[in-house]
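Asks: Here is a sequence together with a model predicted from it:
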Protein chains: 4
Amino acid sequence: MLLRLQAGLQDPQLESILALCKDLGLTTSFLEGRRDLVQVDGPADPRILVRLEGHPLVRNVIDRGDVRWQVDADPDRAETVVTAGHARFGGGWVSIAAGPCAVEDEARMTAIARDVKERGATLLRGGAYKPRTSPYAFQGLGEVGLEILARVKADVGIGIVTEVMDTRDVDKVAAVADMVQVGARNMANYPLLRELAKCGRPVMLKRGFGATVSEFLGAAEYLLEGGNPNVVLCERGVRGFDSVTRDMLDVGAIAHLETATHLPVIGDPSHAAGRADLVPNLARAALAAGADGLMVEVHDAPEEARSDAGQALSMARFGALVERSRALAELLGKRVAVCPSSSEDNADRIGMEFA
Amino acid sequence: MLLRLQAGLQDPQLESILALCKDLGLTTSFLEGRRDLVQVDGPADPRILVRLEGHPLVRNVIDRGDVRWQVDADPDRAETVVTAGHARFGGGWVSIAAGPCAVEDEARMTAIARDVKERGATLLRGGAYKPRTSPYAFQGLGEVGLEILARVKADVGIGIVTEVMDTRDVDKVAAVADMVQVGARNMANYPLLRELAKCGRPVMLKRGFGATVSEFLGAAEYLLEGGNPNVVLCERGVRGFDSVTRDMLDVGAIAHLETATHLPVIGDPSHAAGRADLVPNLARAALAAGADGLMVEVHDAPEEARSDAGQALSMARFGALVERSRALAELLGKRVAVCPSSSEDNADRIGMEFA
Amino acid sequence: MLLRLQAGLQDPQLESILALCKDLGLTTSFLEGRRDLVQVDGPADPRILVRLEGHPLVRNVIDRGDVRWQVDADPDRAETVVTAGHARFGGGWVSIAAGPCAVEDEARMTAIARDVKERGATLLRGGAYKPRTSPYAFQGLGEVGLEILARVKADVGIGIVTEVMDTRDVDKVAAVADMVQVGARNMANYPLLRELAKCGRPVMLKRGFGATVSEFLGAAEYLLEGGNPNVVLCERGVRGFDSVTRDMLDVGAIAHLETATHLPVIGDPSHAAGRADLVPNLARAALAAGADGLMVEVHDAPEEARSDAGQALSMARFGALVERSRALAELLGKRVAVCPSSSEDNADRIGMEFA
Amino acid sequence: MLLRLQAGLQDPQLESILALCKDLGLTTSFLEGRRDLVQVDGPADPRILVRLEGHPLVRNVIDRGDVRWQVDADPDRAETVVTAGHARFGGGWVSIAAGPCAVEDEARMTAIARDVKERGATLLRGGAYKPRTSPYAFQGLGEVGLEILARVKADVGIGIVTEVMDTRDVDKVAAVADMVQVGARNMANYPLLRELAKCGRPVMLKRGFGATVSEFLGAAEYLLEGGNPNVVLCERGVRGFDSVTRDMLDVGAIAHLETATHLPVIGDPSHAAGRADLVPNLARAALAAGADGLMVEVHDAPEEARSDAGQALSMARFGALVERSRALAELLGKRVAVCPSSSEDNADRIGMEFA
């Protein structure tokens, strides 16, 4: 590592840095003629890097040498492919999760599940626990919602992705979900991430709407470092100053993440746009920027949805979105995963390795 | 309430809205000649307002009539004064919380506590649980840190404000803290807020760095609605596009909140600036904008701090900041609360009602 | 129009509003039982709308009735197709402008022009006048640069798009350019827009990096209202809080503008990304979001460019970008315009109406 | 200077950098064992710095050595004091500019001028040329407005600060104005800045609402480098994601600029807030953060203002704001400049050097 120290340090300050490095098992040498540039050698341990980066006498780490995060892209290994139910994200696979904002009632959820599966979704989304800005808004059905999801999954044969907000609910949610969702508001809820690192399920980690890409990757690192390699990153829009969309879908972040991490990245056009009419274009933009999948809000009767109604696509428009996504994925050399339908032997197709 | 409906609704859609209103116990009447403007009368219940605001056929609520949030300023009642230890926030009182980012060791914490108390702080801050962007960074001492805080409090006689991040830790933290802090990353951690609503301690709620003022007040409403009236709002900077400061201290939000809510509002110049040299000026700016207090990072040897070192004030500079804050508060017709020192009978002064 | 007045107005204030409306040739009537809702009828004149919207006693205009801006999409008319040289933007046509940031020397510019034309650009970009953040940076060759552009255009047979920054230079630039560019920094330079409204050339108007979509359309309205119907809007990224890209390409704005205006909209992935490696993905994302064209920085030797070097694509990568753009445009039912090459009869193809 | 080159450069690339440095009159030496760190010595010329910073093979300039911008704070020289009429900004002096958004009619302008002078303003603001988002909005009276300002100035004896937007108007405006204003939209209108560098009048340069502090200082450098040392920087709020204020007053930027430049900095709370009720608090916050003055919108009948009415203070509230500003300035060891009134010998006081 090459450290740049603060300017004008006194000898005792320099000595304290050198002593710390020695304690950490590092050797040090100043670059010729510079009191502010120190070459540091020793174990490539991210704990050491973080310790030095945050040291008040260190201005910045110019070169972090061989230290790598677990999320970092690595030319020597393949991209991570995350599998959940019939969904596959990454490594050339694109998957689409769809469903209503919240679980409402079982009959409706079953109907929606059948419909989105039929039209090409491989995961059903729907919240049993809903983070709502107002305490007076519908907060989701909670455990009842989870039970509904479990029955819908069994009935319809589609995997479930659903959100967890509380460390105390992780086991309950993981018992039902094929993929556990961390919402944007909880991206930096580190106790929750630590529990999810051990939950045995793939995690869909949404980027906080005020979080930098670096913070987003730091949150994913909590999951990987804690033992869960199956993480899908989800860009869902960040806060901007304009109001034609609710948030700004950061396609630059998607494109950057494709090069910066081996983890798959998907886009959520529904929460970014906040209005259904722009969802198809933003879905395409996310895929074109490099996304390995989509998360889309869909409702069989958008006018009756109990939350986020204005952004839910109708079934017909969702079907068109899937069709266009398939064509676009193909153009980009990728392939959209599908659920096997009862009348086809798609199970084989799903099991097949992507060429 | 006056609702504006979506344009061009069909009769059955209009009927579904009217039926919903009836179910909610409301009477309705269209304004003359307008199919899109409906006057709605009935109970002033925020649940009803939220339900209608979020309805897909309602474009917006033009006038919410008599519905009020519990956080709303009310000309008929006094500002809320929140008391924690010797600190008093609001109603003309200004209090200053100070201390290191994290609890490190007991001797140091005791020394810092004595010093900040001596110089004018009425609450000692310091995290036992630290939310850190990287899993490899120092995460705080956890329960050991809480025990240290408990002993320091007993020894030094200064109240404690410290953060909780996990619903499972609320009782432990509330057993020690005079005021429980919700960090910016957890502002919208609603399960945590629901627990804190019942924890029996005042809460310092930091604004998320990507949260709107409306979302900030929504988070506070969770606390009030859940039964905890003792909430101090803390503006600590929001994400901006410039890098001369880490975040942007939103003094406009402070000024707005002074008019919009009866809750006290404080400023955290340390996290906003991210650099110690600007902290005194930003502290003054927060007070000048209307803040009822400050939260400042202080360290006896900033160069040795294990986290956020670059933004911690030295003790001498903190002392100067308190002096200037006193003068400024006086100019603004406010008064800075102090801890009684052993040699004075300040206890009386604290107990005295503010004139 | 339906106006919502400020709450609690006194009679003389109400009378002053009504008198103003009368002076403006409008009739007024209050909605039943509301002192704050006034229906206003009369000529659908945007000047009247703006006057009332900005009136201190008017809270907002709830419904602007029949008033339309010239930029507004209109179901009764076709999208505007803007033609410049062989480039066509809108109405199903996609065109690509490419070239270096600045005009450097004639031989290089000629070579680049031939190359980008060969690979599929229909406009050559390159600045003779360069807005630079520092007065010490290369400011462009000025008139010499314009002369170079004029000769390159004659030699190579490709249209020119180049920037003007000063009202005094409009005639000079318009004499050479097939399309005059307004840079992001000058989007709200209204005297410049007023001159360009009369310059007789199509205008490429870049969105200011701090401008809302509404302000962007307001700037375009200056051009249309001043008599120039040939305006191409260019989204080039807005300021965000993250640093993995220089600015954030606002694909939501592109998608919105496709529905909100009849003017064509293009994307500039080079300035948004600020780094060449992400340009291909962002170019695709812009097209997928609905853009009618691209503006791309290209250099024959990016390492030697005198400005914005890090974001310029090499020729080979530009060629690949054009190929992929063609395929994507086709998928979206659009078509990429090309320059006729000497060896082909593409002139016919260009002249042909898009079906 | 110490340069960090891109990683993995080939020998010919390294040689091209070294050759360029030699051409620029610089000597070079690689730090031991590093192919990416080059020490560069030679003339401390900002042109050289900018050239190297922008070079595609240079990753960044780690240390710019002795190169300084003209705007940079310099421990060896005093802060710049800018004088315009009776206003003095910087070096311990605070001045307040006040007036309506736009020049409307002469009688009103004269009355406002007398009133704001009486209450403590030392400059009258008011636009003859108004940049408006819509072409249909009132654009100012133009030359007629300038003539009114000239007569008001002669009548009332108060200096004028007014905006110029077009290079062709600089002489006309400078003939009337004591201080020429560059509006936020024109901060990066470099041809305009080049003209103003030679106009012979002090310039008030407003920060663009999407501009970084670095870009703001770059714009000021155009003025200084072009020969005009009398520049007052004005922070007027930047774009943020919240809507309780129109823009966010960046008090962190004010505090930073106090340390980073010798130029005076003022705050414009009116444009930041966009609503009159918050102006007093934001004015105080700006001064508390270190501002050397204020620019405030004031109107004798805010309800009749033809632009920006909702943010104009009434005269009475302006008077109170000046009183409080005086007290606050005194607390901060500064002093508010005043116009000499006919009945006092304030002229002496103004002429006196600030101690």
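Replies: It's in.
Asks: What parts of the stretch 101-250 of chain A come near chain C?
Replies: By the rule C-beta under 8 Å from any C-beta of the partner chain, the part of the stretch 101-250 of chain A lying against chain C is A:210, A:212-214, A:237-245, A:248-250. All C-beta atoms are positioned from the backbone trio N, CA, C, and that covers glycine.
Asks: try 7 Å this time
Replies: A:212-213, A:238, A:240-242, A:244-245, A:248-250 (C-beta under 7 Å from any C-beta of the partner chain).
Asks: In TSV: these, plus neighbour count and distance to D:Leu3.
Replies: Output for those, formatted as TSV (neighbours: other C-beta atoms under 10 Å in any protein chain shown; distance: C-beta to C-beta, whole Å):
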residue	neighbour count	distance to D:Leu3
A:Thr212	19	27
A:Val213	23	27
A:Val238	27	33
A:Gly240	27	35
A:Phe241	22	35
A:Asp242	21	38
A:Val244	22	43
A:Thr245	23	41
A:Met248	25	35
A:Leu249	35	37
A:Asp250	31	31
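Asks: among those, which are within reach of chain B?
Replies: Within these, nothing lies near chain B by C-beta under 7 Å from any C-beta.
Asks: quick one: which of those residues sit in helices?
Replies: Among these, the members found in helices (DSSP state H) are A:Val213.
Asks: Just the closest of the residues of the stretch 101-250 of chain A next to chain C to A:Ala154, please.
Replies: A:Leu249 (34.4 Å; C-beta to C-beta).
Asks: How about the secondary structure of A:Ala288?
Replies: Counting by DSSP: H, G, I helix; E, B strand; the rest coil, the backbone at A:Ala288 sits in helix.
Asks: Contact residues of the stretch 151-300 of chain A facing chain B?
Replies: For the stretch 151-300 of chain A, the contact set with chain B under C-beta under 7 Å from any C-beta comprises A:165-168, A:185-186, A:188-191, A:208-210, A:215, A:218, A:221-222, A:225, A:239.
Asks: Now list the buried members of those residues.
Replies: A:165-167, A:185-186, A:188-191, A:208-210, A:215, A:218, A:221-222, A:225, A:239 (16 or more other C-beta atoms under 10 Å in any protein chain shown).
Asks: Mind checking which of these are in strands?
Replies: Among those, no residue falls in strands (DSSP state E).
Asks: would you list the residues of the stretch 101-250 of chain A next to chain C in JSON lines and tack on pLDDT?
Replies: Below are these laid out as JSON lines (pLDDT from 0 to 100):
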{"residue": "A:Thr212", "pLDDT": "98"}
{"residue": "A:Val213", "pLDDT": "98"}
{"residue": "A:Val238", "pLDDT": "98"}
{"residue": "A:Gly240", "pLDDT": "96"}
{"residue": "A:Phe241", "pLDDT": "96"}
{"residue": "A:Asp242", "pLDDT": "95"}
{"residue": "A:Val244", "pLDDT": "96"}
{"residue": "A:Thr245", "pLDDT": "97"}
{"residue": "A:Met248", "pLDDT": "98"}
{"residue": "A:Leu249", "pLDDT": "98"}
{"residue": "A:Asp250", "pLDDT": "98"}
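Asks: Could you single out the nearest of the residues of the stretch 101-250 of chain A next to chain C to B:Ile160?
Replies: For those, the nearest to B:Ile160 is A:Thr212 (31.2 Å; C-beta to C-beta).
Asks: just checking, that closest one touches C:Thr245?
Replies: No - assessed by C-beta atoms under 7 Å, A:Thr212 is found out of contact with C:Thr245, at 11.5 Å.
Asks: Which parts of the stretch 51-200 of chain A are helices?
Replies: Here the stretch 51-200 of chain A has its helices, by DSSP state H, counting those that start in this stretch, at A:106-119, A:143-156, A:170-176, A:190-196.
Asks: quick one on the thing from earlier: chain D: which of the residues of the stretch 101-250 of chain A next to chain C is nearest?
Replies: Nearest to chain D among those is A:Phe241, at 4.1 Å by C-beta to the nearest C-beta.
Asks: Excluding sequence neighbours, find me the nearest residue to the closest one.
Replies: Nearest residue to A:Phe241 in three dimensions, chain neighbours excluded: D:Arg239, at 4.1 Å (C-beta to C-beta, 6 or more residues apart in numbering or on different chains).
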